[in-house]
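Asker: sequence and predicted structure, then a few things I'm wondering about:
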Amino acid sequence: MTIMMIYGILMFVFQMPSRRETNQEMTGPRLLKHLQAVFPELTDMPHQDTLCRLLEKMDVDQIEIAYIDMLRHLIYKKKI
């Protein structure tokens, strides 16, 4: 769940215009390597359709809770 949220945030930050372009631009080995430094459990980048399905089914309150949990996890691991 954390990886999916980070991926969605990165899509927003990089202002990706479409899921197709996001899949082409953000699935490279360089971004994966940088994300693995923070999230060693990450083996490959998720597909944008997976993120879309997750967000369609999630309640807005769940997204906020997941975001806060992710920040707590990163602070605990001293990554930010």
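Answerer: The structure has been received and is ready for your questions. Numbers count the residues shown, from 1 in each chain.
Asker: give me the contacts around the helix or strand bottoming out on mean pLDDT in the chain.
Answerer: For the chain, the helix or strand with the lowest mean confidence is helix 2-13, at a mean of 81 (criterion: mean pLDDT, DSSP states H and E). With CB atoms under 8 Å, 6 or more residues apart in numbering as the test, helix 2-13 has contacts from 22, 26, 31, 35, 39, 41-42, 45-46, 48, 50-51, 54-55, 63, 66-67, 69-70, 73. C-beta here means a position set from N, CA and C on the backbone, and glycine is covered the same way.
Asker: apply 10 Å and report the result again.
Answerer: 16-19, 21-22, 25-27, 31, 35, 38-39, 41-48, 50-55, 58, 63, 66-67, 69-71, 73-74 (CB atoms under 10 Å, 6 or more residues apart in numbering).
Asker: now the element after it, going C-ward?
Answerer: For helix 2-13, the following helix or strand on the C-terminal side (DSSP states H and E) is helix 19-25.
Asker: just the angle for the following helix or strand past that following helix relative to helix 2-13, thanks.
Answerer: Downstream of helix 19-25, the next assigned helix or strand under DSSP H and E is helix 29-38. Relative orientation of helix 29-38 versus helix 2-13 (axes from the mean of the first three to the mean of the last three CA atoms, to 10 degrees): 130 degrees.
Asker: which strands and helices sit next to helix 29-38?
Answerer: If you count contacts as 3 or more CB pairs under 10 Å, 6 or more residues apart in numbering; DSSP states H and E, helix 29-38 packs onto helix 2-13.
Asker: what residues of the helix it packs on count as buried?
Answerer: If you call a residue buried by 16 or more other CB atoms under 10 Å, then helix 2-13 has these buried ones: 2-8, 11.
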